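A.B. asks: sequence-free structure coming up:
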DNA sequence: TCGATAAGTCGAACCGGTTCGACACGTCGA
DNA sequence: TCGACGTGTCGAACCGGTTCGACTTATCGA
């Protein structure tokens, strides 16, 4: 394998000069720079990543800790990955992916061994057990998802409180008086998915403020069950004129349920979901929804992480907790309320 | 950061001895081994990955080249990733993930810089432009998907020919005389997805051998279109009693289509799909299907790759092209044919 | 009892980059 | 005309591991 010594020899200069010519970290005469470049091209030189990492203590790799949970909806996870990998590549970083169930030890390994310059954590739980490890690490970290304690890390998440309010207030404004909110299943909440509560509580508050009835329920995460849940809900609350879905599986199952009950949106029922535009497209869901923007969150996390790695953010600079404002994408599934009788 | 010198000093031995004590590459007295281990624990020592890679020319990282295409179905891709990452971790390797649209340059970069010890390629096209780069690389590679030219790499794929035969022969045995096969959209084929042809041609041959009529069509890959396609097909071929689906989107859309036409499986129509069990579960698809086993393919590719990296496969050992035998998972969606009139 | 062998340890060199200090040269201002 | 300064280049040291050859000591068989 050709190394920088070979390049230097071919160009007739010292190794250090070859290095400076290629990295630009010191002034080099135009003529020498050309000779070195040419030699590197001719020999097909590529710097050895390990050697460079050793010398600079920088690997140009970002660690990505995901967890592929069976009840997470796959399309959303892939969008996170996409946002993260694309942005990293644009900024000159590669991605070291870990989907290890034991996130703690995976995180410790890749940070302690200096394989990565920084870390992005996905599926962050309210009391995420990876956070202590991350805080003890020498590298900075960015989270997608809001933990209870945000010290020492940069945090990005959808503003689920605002999302809950937007959903309720949108339908309230149209005159609805009784709504149903279907959340993620309870075990997602138990695992630390506090966003479920955040949206639900804000929705309940907004409903109370408007004097609206809001029925809340944790729906299942898989198809046959969630379909049954939806039927049962519509049976149980015949006066409800609006349906709010903080549950991807429920949104995917709804068209079939409504068809079999001969209900139409928005004529018989107004519906607002919470999922990504990509998700809506791939299932061709006709419901207005709060855009959950997974790719955008991944992108933001990487951007900030790289800023910190490259110290454009001085050490003293405060860590950020940034919420993406929930945007309601209108697909025409809401209207004035009509009795469902 | 604590390095091996610190550990050696704390244990009262030479750096080399500390190294031998930890790697076990030379005999070391029990007493010294204990002292070194203890010192390493006390100091919280973790070897520097870059330094080790430089010294051993081994990174213990596997490159994973995927492409997140909008018309690939997300759940399947995630299953490939899962199979690859889990297996790699079990074998002591980390995963460097690239989803770069320009797979060629990404592959060249990570191999030339010695960041990885080997590479797994997903979404392999018939004339994949990454293959020349891979063959020129110093590291071994394993493919998921069958290219035209398999020299110099290990290849793993589902046996799509056999899958086509199994589908047709299963329904032929039940007495069906007219079938429809819905394949992936044409642009998947154009991109080099030869598996579409492989299944379709084998199915046509099998049908011819049995004297059965088989209508073939390239279906759309997204929901509203594929639903229309299915309706049109059922209209166009009222005599068909069996439906074969080599198209995930079609399978996902079928329940709605059948319900709206008031058709039941297997009473009115026998159906066989080709997708993973996981996919079937997450959409609760009630159709018997050929298991496409993406996680298993990922697992096999990594296993073989690691064998080659660690040279348990001597250089002379022939490269393998291994097909996973298609297994028909019976979900009760096939039966004796009935006229659909 | 002696030499061959094995076990255990050490120091030095090496992997392939980067970076620091020193130095040679040319230019400019006083 | 001379010293100060800026520019471009070089050699050596360093990052943190691994590995090779040499050396010491203990063990065994003849």
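C.D. replies: Okay, I see it. It should be emphasised that the depicted structure is a prediction, and the values quoted were computed from it without experimental measurement.
A.B. asks: would you say residue A:146 is within a helix?
C.D. replies: No. Going by DSSP: H, G, I helix; E, B strand; the rest coil, the assignment for residue A:146 is coil, not a helix.
A.B. asks: would you check how far apart it and residue A:26 are?
C.D. replies: Noted for residue A:146: a distance of 45 Å to residue A:26, by C-beta to C-beta, to the nearest Å. From N, CA and C alone the C-beta is placed, and that goes for glycine too.
A.B. asks: name the residue in those two with the higher neighbour count.
C.D. replies: A direct count of neighbours by other C-beta atoms under 10 Å in any protein chain shown for residue A:146 and residue A:26 places residue A:146 higher, at 20 against 10.
A.B. asks: wouldn't that one be in contact with residue A:124 here?
C.D. replies: Yes. Shown here, residue A:146 and residue A:124 form a contact pair, counting by C-beta atoms under 8 Å, at 7.0 Å.
A.B. asks: what is in contact with these two at once?
C.D. replies: Both residue A:146 and residue A:124 are in contact with residue A:155, where contact means C-beta atoms under 8 Å, 6 or more residues apart in numbering or on different chains.
A.B. asks: contacts only, for residue A:301.
C.D. replies: A:84, A:120, A:142-144, A:154, A:156.
A.B. asks: switch to 6 Å and redo it
C.D. replies: For residue A:301, the contacting residues are A:120, A:142, A:144, A:156, by C-beta atoms under 6 Å, 6 or more residues apart in numbering or on different chains.
A.B. asks: could you do residue A:21 as well?
C.D. replies: A:28, A:32-33, A:36.
A.B. asks: buried ones in the helix or strand encompassing it, by neighbour count?
C.D. replies: In this assignment (DSSP states H and E), residue A:21 forms part of helix A:15-23. Applying a neighbour-count criterion of 16 or more other C-beta atoms under 10 Å in any protein chain shown, the buried positions in helix A:15-23 are A:17-22.
A.B. asks: of those, which is the nearest to chain B?
C.D. replies: residue A:22 (13.6 Å; C-beta to the nearest C-beta).
A.B. asks: tell me the pLDDT of that closest one.
C.D. replies: You'll see residue A:22 listed with a pLDDT of 96.
A.B. asks: with residue A:77 instead?
C.D. replies: 88.
A.B. asks: which other helices and strands contact the helix or strand it falls within?
C.D. replies: In the assignment (DSSP H and E), residue A:77 maps to helix A:74-90. Helices and strands touching helix A:74-90, by 3 or more C-beta pairs under 6 Å, 6 or more residues apart in numbering or on different chains; DSSP states H and E, are helix A:294-309, helix B:74-90.
A.B. asks: not counting its neighbours along the chain, what's nearest residue A:274?
C.D. replies: residue A:290 (4.4 Å; C-beta to C-beta, 6 or more residues apart in numbering or on different chains).
A.B. asks: and for whichever strand or helix holds residue A:322, what's in contact with it?
C.D. replies: Here residue A:322, judged by DSSP H and E, is contained in strand A:321-324. With C-beta under 6 Å, 6+ apart as the test, strand A:321-324 has contacts from A:150, A:155-159, A:293.
A.B. asks: within the sheet, what are the partner strands of the very next helix or strand once past it, with directions?
C.D. replies: Next along the chain after strand A:321-324, taking DSSP H and E as the criterion, comes strand A:328-329. Applying DSSP bridges to the sheet, strand A:328-329 is found paired with strand A:288-291 (antiparallel).
A.B. asks: where do the strands of the stretch 201-341 of chain A begin and end?
C.D. replies: A:213-218, A:242-245, A:270-275, A:288-291, A:321-324, A:328-329 (DSSP state E, counting those that start in this stretch).
A.B. asks: residues making contact with the fourth one?
C.D. replies: What that stands for is strand A:288-291. By C-beta under 6 Å, 6+ apart, strand A:288-291 touches A:163, A:272-275, A:277, A:326-331, A:333-334.
A.B. asks: reformat those as a markdown table; add pLDDT and neighbour count.
C.D. replies: Formatted as a markdown table, the contacts of strand A:288-291 follow (pLDDT from 0 to 100; neighbours: other C-beta atoms under 10 Å in any protein chain shown):
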| residue | pLDDT | neighbour count |
| --- | --- | --- |
| A:163 | 97 | 29 |
| A:272 | 98 | 28 |
| A:273 | 97 | 28 |
| A:274 | 96 | 28 |
| A:275 | 94 | 26 |
| A:277 | 90 | 17 |
| A:326 | 96 | 23 |
| A:327 | 96 | 15 |
| A:328 | 97 | 16 |
| A:329 | 96 | 16 |
| A:330 | 96 | 11 |
| A:331 | 96 | 18 |
| A:333 | 95 | 21 |
| A:334 | 95 | 23 |
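A.B. asks: sorry, back to before: now the angle from the helix holding residue A:77 to helix A:294-309?
C.D. replies: With axes from the mean of the first three to the mean of the last three C-alpha atoms, to 10 degrees applied, the angle from helix A:74-90 to helix A:294-309 works out at 30 degrees.
A.B. asks: quick one: the helices in chain A?
C.D. replies: A:4-11, A:15-23, A:30-43, A:49-56, A:74-90, A:103-112, A:131-136, A:160-174, A:186-190, A:195-210, A:223-236, A:248-261, A:277-283, A:294-309 (DSSP state H).
A.B. asks: can you tell me if the third one touches DNA strand D.
C.D. replies: Yes. Applying C-beta under 7 Å from any atom of the strand, one finds helix A:30-43 touching DNA strand D at A:31-32.
A.B. asks: got the angle for that helix vs helix A:4-11?
C.D. replies: Using the same axes, to 10 degrees: helix A:30-43 against helix A:4-11 is 120 degrees.
A.B. asks: ok, helix A:30-43 near DNA strand C or not?
C.D. replies: No. Judged by C-beta under 7 Å from any atom of the strand, helix A:30-43 stays clear of DNA strand C, getting no closer than 10.1 Å.
A.B. asks: residues making contact with that helix?
C.D. replies: A:2, A:6-7, A:10-11, A:13, A:18, A:21.
A.B. asks: and it, which residues are buried?
C.D. replies: For helix A:30-43, the neighbour count (16+ other C-beta under 10 Å) marks A:32-33, A:35-37, A:39-40 as buried.
A.B. asks: between the residues you listed, which is closest to residue B:197?
C.D. replies: Checking the buried residues of helix A:30-43 against residue B:197 by C-beta to C-beta gives residue A:40 as the nearest, at 43.3 Å.
A.B. asks: quick check: that closest one vs residue B:136, distance?
C.D. replies: In terms of C-beta to C-beta, residue A:40 sits 17 Å off from residue B:136.
A.B. asks: what's the answer for residue A:202, then?
C.D. replies: From residue A:202 to residue B:136 the distance is 57 Å (C-beta to C-beta).
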